[in-house]
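J.: could you look at this predicted model? Sequence included:
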Protein chains: 2
Amino acid sequence: MVSVRTPSTSAWWPKSRRRIRAKAVRKGQIRCLCSERKRSRPFPRLCPTVVGYGLYFFTYSTWKGRNIYMEDLYVRPEFRGQGIGKKLMSRIAQMGVEKGCTQMKFSVLDWNRPAVDFYRSKGAVDLTAAEDWHVFRFEADALRRLALGEPGE
Amino acid sequence: MVSVRTPSTSAWWPKSRRRIRAKAVRKGQIRCLCSERKRSRPFPRLCPTVVGYGLYFFTYSTWKGRNIYMEDLYVRPEFRGQGIGKKLMSRIAQMGVEKGCTQMKFSVLDWNRPAVDFYRSKGAVDLTAAEDWHVFRFEADALRRLALGEPGE
């Protein structure tokens, strides 16, 4: 059910993030795996074929070398509970292993308990809980100030 | 004082991570900025010129598009307090801004208070504290099991 492809159209992306994702996939900044069902007739256009997708890219760890990062994993609500998310994640892991990665990282909002429980059940380790790793970010204004050598706020 | 270059030799990397880093820079998996001082005579070989470095690569956010990720920032202890880390970080931010990034991310161990305070003073936001983002990782065995479709432990 899971096929590996770069979408030829952006029609199936959630509307809010459609453009940014389609452009990034086209430019090779991210890679995409999607899970499809067969087209149903007689109204194929009204019936999206993509029921889930995973986005990933390759990163690097100074300790472990090449890593794979799972940026997004989504299954349409009405198709959940059928193992589609697991299959997509497994294929992303395969992509990483094939490229010599020894780790796959991703970020989860800790209050999203179903997601946290799902990833833990598959063997993922919560590095924030286990080792106290915190994620930091310079946002737009702070990044510009930093680039210009101006003091932070 | 900060020059932008891909090191022609790996001699200046900390010994433990020398090979993995030099290879990754050569392959273009990470990019490197380093801060150098002038060579002192008459023993230039005994006197390393690189006093600090920053490693970064480009990533992607489904919400914000292209991002820059700072993987490592290091200044030799005897050269700290001279603004070298700030200059390196500022140049990494410039690289991001030039490529259209609107965010720079990185991870910090929360118990490393001098580092946390340094980044906060420059305007960085702790996303784990502010929004409850946790970092997860599939490590070597768990990643292999996931790729093979085997159950997690």
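T.: Looks like it arrived, so ask away. Residues are numbered from 1 along each chain as shown, chains lettered A, B, ... in the order given.

J.: could you measure from residue A:79 over to residue A:134?
T.: Here residue A:79 is placed at a distance of 34 Å from residue A:134 (CB to CB, to the nearest Å). Quick note: C-beta positions are derived from backbone N, CA and C, even for glycine.

J.: counting neighbours, go ahead and name the busier of those two.
T.: Under the neighbour definition other CB atoms under 10 Å in any protein chain shown, residue A:79 and residue A:134 were set side by side, and residue A:134 has more, 23 against 14.

J.: next, that one: secondary structure please.
T.: Residue A:134 falls in the strand class when you classify it by DSSP: H, G, I helix; E, B strand; the rest coil.

J.: hey, what's it bridged with?
T.: For residue A:134, the beta-bridge partners are residue B:108 (DSSP bridges).

J.: please apply the same query to the one 4 residues further on.
T.: For residue A:138, the beta-bridge partners are residue B:104 (DSSP bridges).

J.: list the residues that contact it.
T.: Applying CB atoms under 8 Å, 6 or more residues apart in numbering or on different chains, we find residue A:138 in contact with A:146, B:93, B:103, B:104, B:105, B:122, B:123, B:124, B:125.

J.: quick test: name the residue nearest the centre of chain A.
T.: residue A:72 (2.1 Å; CA atoms, centre = their mean).

J.: the helix or strand containing that residue versus strand B:133-138: what angle between them?
T.: Using DSSP states H and E, residue A:72 sits in strand A:65-75. For strand A:65-75 against strand B:133-138, the angle by axes from the mean of the first three to the mean of the last three CA atoms, to 10 degrees is 110 degrees.

J.: quick one: strand A:65-75 near chain B?
T.: Yes. Contact of strand A:65-75 with chain B (CB under 8 Å from any CB of the partner chain) involves A:65, A:66, A:69, A:71, A:72.

J.: same check, this time on stretch A:146-153
T.: Yes. Stretch A:146-153 is in contact with chain B by CB under 8 Å from any CB, via A:146, A:147, A:148, A:149, A:151, A:152, A:153.

J.: pipe those into TSV and attach secondary structure per row.
T.: What follows is those, written out as TSV (three-state DSSP):
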residue	secondary structure
A:146	helix
A:147	helix
A:148	helix
A:149	coil
A:151	coil
A:152	coil
A:153	coil
